[in-house]
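Enquirer: everything below, folded, please.
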Amino acid sequence: MDLVETSVDIWMSWSREKSLLQPLWDSLRLNYTDYLRSPLFPIVLTVSSYFVFCIPFLLCDIMGDKWPWVQQFKIQPSRRPTASALLHCAGVTLYNHVFLVLPASVAQWAWRPPADLPDQAPFLLELIAGAIGNLLLFDLQYFIWHLLHHRIRWLYVTFHAIHHNYSSPFALATQCLGGWELVTVGFWTTLNPVILRCHLFTTWAFMVLHVYVSIEDHCGYDFPWSTSRLIPFGIYGGPSKHDVHHQKPNTNFAPHFSHWDKIFGTHADFIFCVFSDSCQFNENVNI
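Expert: Below you'll find the model as predicted:
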């Protein structure tokens, strides 16, 4: 038994030394140790990622008909965000970050010790599995939360209604949220990697990925390279499915994947019309 355990330990050690991510991890932890160990780092990472990922979609909205090759992929071609809508969402996002995210960041800085950086990088497959696992866990949590806030009127009016001001979503509407919703989403995003015992590198990769797919869900465009088109068999919802939710709020509650809505009868398909303003819903909903 000891021989087997020793062999496994040696194999695991060798495998980690051969990890494709090891050179990148070594470069990060040796050159940026103080930054990476700071409790503020995950927050700075996610906030900066949010605004960076919003920029390309924001440019598509601003350019409009000047970029017809982009507009052919607009889910609702006749509806584009107005300047006032963009400013409103930017204002709500800025308010939430200044009065909620920033105080939480300062509090974490005060009471959380600096994170220990492990010497070994995760396996590449370990990172991928961890990111997917976190997305799936968040999908379940948010499906339940989201469904409750649509079914219980007080919760909807008090906390969630602001996110449904726009029936044609766009990137900057992603974090146009009530404070309670932003706090709960941030709580799950932070807690889930701890529950799944993820490597720090996997945790950060998940956080950045989660920011991107959340923005993509709201972007209002169904590009050929959208995540939902890259993942087969309709497993992933993506921007077209979430666009349906903003038009028909009793459908498609899960933020990313499709299985929970299919199980509970709240799933609705969307037939994408590339060059037409008329689009068709294919409903399979039991409300």
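Enquirer: every contact and neighbour count from this point should use C-alpha atoms.
Expert: Fine.
Enquirer: flag every buried residue along stretch 128-143.
Expert: For stretch 128-143, burial by neighbour count (16 or more other Cα atoms under 10 Å) applies to 130, 131, 133, 134, 135, 137, 138, 139, 140, 141, 142, 143.
Enquirer: ok, now stretch 244-260?
Expert: By 16+ other Cα under 10 Å, the buried positions in stretch 244-260 come out as 244-246, 249-260.
Enquirer: so which of the buried residues of stretch 128-143 are in strands?
Expert: Using DSSP state E, the subset of the buried residues of stretch 128-143 located in strands is empty.
Enquirer: dump the residues you listed to a markdown table, plus distance to residue 195 and pLDDT.
Expert: Putting the buried residues of stretch 128-143 into a markdown table (distance: Cα to Cα, whole Å; pLDDT from 0 to 100) gives the following:
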| residue | distance to residue 195 | pLDDT |
| --- | --- | --- |
| 130 | 11 | 97 |
| 131 | 13 | 97 |
| 133 | 11 | 97 |
| 134 | 9 | 97 |
| 135 | 13 | 97 |
| 137 | 10 | 97 |
| 138 | 12 | 97 |
| 139 | 15 | 97 |
| 140 | 14 | 97 |
| 141 | 13 | 96 |
| 142 | 16 | 96 |
| 143 | 18 | 97 |
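Enquirer: buried residues of the host helix or strand of residue 61, list them for me.
Expert: Secondary structure from DSSP states H and E places residue 61 in helix 41-63. Buried residues in helix 41-63, counting neighbours by 16+ other Cα under 10 Å, are found at 41-43, 46, 49-50, 53-54, 57-58, 60-62.
Enquirer: that helix - contacts with which helices or strands?
Expert: helix 200-218 (3 or more Cα pairs under 8 Å, 6 or more residues apart in numbering; DSSP states H and E).
Enquirer: what about the helices in the stretch 151-287 of the chain?
Expert: Ranges of helices within the stretch 151-287 of the chain are 153-155, 179-195, 200-218, 227-230, 238-247, 259-264, based on DSSP state H, counting those that start in this stretch.
Enquirer: and residue 112, which of these is closest to it?
Expert: Nearest of these to residue 112, taken as Cα to Cα: helix 179-195 at 13.4 Å.
Enquirer: keeping just the C-alphas, turn that closest one into PDB.
Expert: Extracted in PDB, the C-alpha atoms of helix 179-195 (Å, rounded to 0.1, in the frame of the first residue of the first chain):
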ATOM      1  CA  GLY A 179     -27.400  46.300  -4.600                       C
ATOM      2  CA  TRP A 180     -28.700  43.100  -3.000                       C
ATOM      3  CA  GLU A 181     -28.400  41.200  -6.300                       C
ATOM      4  CA  LEU A 182     -24.800  42.500  -6.900                       C
ATOM      5  CA  VAL A 183     -23.900  41.400  -3.300                       C
ATOM      6  CA  THR A 184     -25.300  37.900  -3.700                       C
ATOM      7  CA  VAL A 185     -23.700  37.300  -7.100                       C
ATOM      8  CA  GLY A 186     -20.400  38.500  -5.700                       C
ATOM      9  CA  PHE A 187     -20.800  36.300  -2.700                       C
ATOM     10  CA  TRP A 188     -21.400  33.100  -4.700                       C
ATOM     11  CA  THR A 189     -18.600  33.900  -7.200                       C
ATOM     12  CA  THR A 190     -16.200  34.300  -4.300                       C
ATOM     13  CA  LEU A 191     -17.500  31.400  -2.200                       C
ATOM     14  CA  ASN A 192     -17.800  28.700  -4.800                       C
ATOM     15  CA  PRO A 193     -14.100  28.200  -5.600                       C
ATOM     16  CA  VAL A 194     -13.600  27.800  -1.800                       C
ATOM     17  CA  ILE A 195     -16.300  25.100  -1.700                       C
END
